[in-house]
Structures are given as structure tokens and as C-alpha cells.
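In: pasting the structure only:
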């Protein structure tokens, strides 16, 4: 009970994060408000752990949650609703370049201006997450592969910082990302 009292913000972030991934797999638009709440709690979790890039990533998640909600709900009929699709080769090249530039920028900021214990790893997961959540907002199915990699790497980083519950959450995220890919593939094949 003492651990829960000391880590209640992480517990709530864990719970809302778990609900978020479940709703994402179901392609349910309510994932966006739940993701907003999860990001809000994880701002504090990552600040305390000195994972500053992950903390600022949560601010990005707050903004992209509003954008995702808008994109997923803007249509008044089936023609306006965004559908699951596969990305294009040119799009992946642009996303790879954006990821690399973000990685360099975030790594530089973390190394130069913070006491981040793992600036390059923190930068890598952050830059890939920024791109993956944009892909999610656009319902690009390959976002699941990016999440699997990011979730597994993040789980290791969170163990390093004694965020065991968050590490467990990210291991669950990795498994559910694979399930999500299969589910979205099934939906995509019906279209």
C-alpha cells in the first residue's frame, strides 16, 4: 500500500495508458481523451525520473490527442471518416528523415541542457514516438511496428530508472501493439 501511495500518479498513468492501447486496438475514437489523461499524469512521472524528453513527449501527446480526436471525429458521414491505410514509400522516407532530425535535436538539447542519464536513448524513443503518434492520427498501419520497437526499448529504460510499473506497461504495450497490428490488418482487409 505504501508503494501505491508514493507512486499513485504512475498507477493512474498506467491504468489510463492501458485503457488507451485497448481502445486504439479497437479503433475507438475515445482513445484520444483517455490518452490525453495518461499523458497528463506521465508528465509528472517522467519529470521525477529525469526523463526530460519523455516528459516533453507527453506535452506533444496532449496536443496530438486533441488533433487525433479532431481527425477521427470530424466526419459527419462515412466519406469524411479517416480509414486505416498503408503508408507509401515516399512517406516512409520523409518520416525517417524527420525521425533522424528530431533525434539529433532532442539528443543535443538533452546532452547540453539537462542532467538526463540516457540522453541518446531518451532521444531515440522520443523522436520515434513523435512520428508514430502522427502515423496513428492518420491511421497508418505501420505505426504498430514503430510502437513495438519503442515500447520494448522504453521498457528497458524504465527498468533502469526503477519505474517498474511503467516498464511493465510498456512491455504490455509491445504485446498489444502486435495484437493491434493484426486487428487493424483484419479491418483493413475488409475495406
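Out: Received it, and whenever you're ready, just let me know what you need. As the structure is a computational prediction, the values presented were derived from the model and not from experiment.
In: okay, and the helix or strand of this structure with the least pLDDT?
Out: Lowest by mean pLDDT, DSSP states H and E among the helices and strands of the chain is helix 2-6, with a mean of 51.
In: any idea of the mean pLDDT for the helix or strand following that helix?
Out: Scanning forward in sequence from helix 2-6 by DSSP states H and E, the next helix or strand is helix 8-25. Model confidence over helix 8-25, given as mean pLDDT, is 89.
In: so which elements touch helix 8-25?
Out: Helix 8-25 sits against helix 31-49, helix 164-190, with contacts defined as 3 or more Cβ pairs under 8 Å, 6 or more residues apart in numbering; DSSP states H and E. C-betas here are computed from N, CA, C, even on glycine.
In: against which helices or strands is the helix or strand hosting residue 70 packed?
Out: Using DSSP H and E, the element containing residue 70 is helix 52-73. When contacts are defined as 3+ Cβ pairs under 8 Å, 6+ apart, helix 52-73 sits against helix 31-49, helix 89-113, helix 119-137.
In: mean pLDDT, distance to residue 180 and mean neighbour count for those - can I get that in CSV?
Out: As requested, the helices and strands packed on helix 52-73 are exported to CSV (pLDDT from 0 to 100; distance: least, Cβ to Cβ, whole Å; neighbours: other Cβ atoms under 10 Å):
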stretch, mean pLDDT, distance to residue 180, mean neighbour count
helix 31-49, 92, 11, 21
helix 89-113, 96, 19, 14
helix 119-137, 94, 10, 22
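In: before we move on, back to that, only the buried residues of the helix holding residue 70, if you could.
Out: Neighbour counts using 16 or more other Cβ atoms under 10 Å place 52-58, 61-62, 64-65, 68-69, 71-72 of helix 52-73 among the buried residues.
In: okay, residue 188 and residue 172: tell me how far apart.
Out: Per Cβ to Cβ, to the nearest Å, residue 188 is found 24 Å from residue 172.
In: and if you look at residue 141?
Out: 20 Å.
In: also residue 180?
Out: Residue 180 is 12 Å from residue 172, by Cβ to Cβ.
In: ok, the two, which is more surrounded?
Out: Each of residue 180 and residue 172 has its neighbours counted (other Cβ atoms under 10 Å); residue 180 has more, 23 against 17.
In: against residue 48, how distant is the residue lying closest to the more buried one once chain neighbours are set aside?
Out: Closest residue in space to residue 180, ignoring its immediate chain neighbours: residue 25 at 4.2 Å, by Cβ to Cβ, 6 or more residues apart in numbering. Distance from residue 25 to residue 48, counting by Cβ to Cβ: 29 Å.
In: what do you get for residue 89?
Out: The value you get for residue 89 to residue 48, if Cβ to Cβ is used, is 41 Å.
In: tell me which residue is most central in the chain.
Out: With distances taken as Cα atoms, centre = their mean, residue 129 lies nearest the centre of the chain, 5.2 Å away.
In: show me what contacts that one?
Out: 57, 150 (Cβ atoms under 8 Å, 6 or more residues apart in numbering).
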